[in-house]
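Asks: Any chance you can model this:
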Amino acid sequence: MITKGYFPGVLGKVIELHARYYHEHWGLDLSFETQEGRELCDFMSRFREGADLFRAALVDGTFAGAIAIDAGPRPEEGVRLRWFIVDPLFQGKGIGRRLLDEALSFCASAGYRRVYLWTFRGLDAARRLYEGAGFRLAEENEVAQWGQSVREQMFELIRDIGDVR
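Replies: Residues are numbered from 1 along each chain as shown. So this is what the prediction gives:
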């Protein structure tokens, strides 16, 4: 497996994988796909090298997954881990762990103290990865969105790593 940043067509691959996976496995509707697409494109439009991170995993040249760190306008308040997904064809091969490790290594080297992410209850394999990396559940709410009622969860990782950007 190799990881790389942006390349032509990768945004469509990330959005398609999210849309297919979350529709097939969780019944999420078109509003989920449009939100993911809009927010990913907005992120890439304002991407700042060194502050933000985007990585795609490729296995023998085939797109296998992705992850991003979105520093947003106030990274001192925390950076957001986003668009973390591994194609089911490649799950269980350590790709998710490698993507997460690369993203968290970037955060540590950038001096980011707080990393957080939003997910929802039931994504147990991802939760095990998050908790194994030191994330803790910080917030949980029942919300109606994406054509479903979901138990949204916010996990955060807080590090004592010195100065924060």
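Asks: the helices in this structure, which residues?
Replies: Per DSSP state H, the chain carries helices over the ranges 10-26, 30-45, 95-110, 124-132.
Asks: can you list these in JSON lines and add mean pLDDT, distance to Ala144 and mean neighbour count?
Replies: Yep, even glycine has a C-beta here, placed from its N, CA and C like the rest. Formatted as JSON lines, those follow (pLDDT from 0 to 100; distance: least, C-beta to C-beta, whole Å; neighbours: other C-beta atoms under 10 Å):
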{"stretch": "helix 10-26", "mean pLDDT": "95", "distance to Ala144": "14", "mean neighbour count": "17"}
{"stretch": "helix 30-45", "mean pLDDT": "96", "distance to Ala144": "11", "mean neighbour count": "15"}
{"stretch": "helix 95-110", "mean pLDDT": "96", "distance to Ala144": "28", "mean neighbour count": "18"}
{"stretch": "helix 124-132", "mean pLDDT": "91", "distance to Ala144": "22", "mean neighbour count": "14"}
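Asks: Provide a list of residues in contact with Asp160.
Replies: Contacts here follow C-beta atoms under 8 Å, 6 or more residues apart in numbering; on that basis Asp160 touches Arg113.
Asks: Including distance to Ala71, could the helices of the chain go into a markdown table?
Replies: Formatted as a markdown table, the helices of the chain follow (distance: least, C-beta to C-beta, whole Å):
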| stretch | distance to Ala71 |
| --- | --- |
| helix 10-26 | 18 |
| helix 30-45 | 10 |
| helix 95-110 | 8 |
| helix 124-132 | 19 |
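Asks: nearest to Pro73, of those helices?
Replies: When the helices of the chain are compared by C-beta to C-beta, helix 30-45 sits nearest Pro73, at 12.1 Å.
Asks: Pull the distance from the closest one to the chain's centre.
Replies: 13 Å (C-alpha atoms, centre = their mean, to the nearest Å).
Asks: same check, this time on stretch 84-98
Replies: 12 Å.
Asks: Quick one: end-to-end distance for that stretch.
Replies: Chord length of stretch 84-98, first to last residue, is 11 Å (C-alpha to C-alpha, to the nearest Å).
Asks: Cheers, nothing more for now.
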